[in-house]
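Chemist: would you be able to build a 3D model of this:
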Amino acid sequence: MNLIKIIETRDGSHSLLNEALNETYHSTHGAIQESLHIFIKNGLAFFVNKNNCEGITIFEVGFGTGLNALLALKFATENKIKINYHSIETFPIDAEVICQLNYADLISFPDSKNLFQKIHSCAWGESTAINEFFTLKKQNQSIHEIKLPVETFEIIFFDAFAPAKQPDMWVFPVLEKVTQALKPSGVWVTYCAKGQLKRDLKSLGLRVETLSGPPGKREMVRALKHSQ
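Modeler: All right, here's what the predicted structure looks like:
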């Protein structure tokens, strides 16, 4: 069992330290600002601004603390856009750790505390309506074992641990599997900006953009799948 410790990042929001891997779940420069910059601003908001859509399906690799899901829920609620959010996690975090995280105190929108609890308390393996705009399905499976339907998701949040800590998450067959699940004109975002990752995504036919990263990180990657 992994040893998990709550830490406070520089923007005041919590993250977790996986002591077995000696790796944090988010940037120590600011967990919330990192997730907002990478996954919401340059992923979800980018897609919505580019496309006229009333509903979006997101696939997340690495549910973790549920921070990305909470921010996507806030976006959906405030913009009245329906989001079907599908996330996988190999090692779910214990409830006693989750209840100590301060995200719902810092991310303010109607009923945010109860909704954050609902994100974590809803059953694994089942689709659950968190509110009228956001449906969540969490699966306790690894990316290697899960079967992903082809061309199903508009957006991919790739939020696994870093390649140096979890290299098997970033190998070409995994990237190919996830890319195949992305719809044409879909968006793939991650905090990682390694050269090998960008080369692999390009070889899979995606248009790779190297963008400015959040505070404390120079770059991030967004990749776009060509429309057919």
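Chemist: element containing the most centrally placed residue in the chain?
Modeler: In the chain, the residue lying closest to the centroid (CA atoms, centre = their mean) is residue 157, at 4.0 Å. Taking DSSP states H and E as the definition, residue 157 sits inside strand 153-158.
Chemist: residue 173 too?
Modeler: helix 172-180.
Chemist: which SSE is immediately downstream of that helix?
Modeler: strand 182-190.
Chemist: same for the next helix or strand after that following strand, what does it pack against?
Modeler: Heading C-terminal from strand 182-190, the first helix or strand you meet, by DSSP H and E, is helix 195-203. Packed against helix 195-203 by the contact rule (3 or more CB pairs under 8 Å, 6 or more residues apart in numbering; DSSP states H and E) you find helix 172-180, strand 206-212, strand 219-225. (C-beta placed from N, C-alpha, C; glycine too.)
Chemist: can you list the buried residues in helix 195-203?
Modeler: Neighbour counts over helix 195-203 (16 or more other CB atoms under 10 Å) mark 197-198, 200-201 as buried.
Chemist: sheet-wise, list the partners of the strand holding residue 157 with their directions.
Modeler: Each strand paired with strand 153-158, and its direction, by DSSP bridges: strand 55-61 (parallel), strand 182-190 (parallel).
Chemist: low-scoring pLDDT stretches of the protein, where are they?
Modeler: 1-2, 228 (pLDDT under 70).
Chemist: in it, which spans are helices?
Modeler: Taking DSSP state H as the criterion, the chain contains helices spanning 31-35, 46-50, 67-79, 95-98, 103-106, 112-121, 172-180, 195-203.
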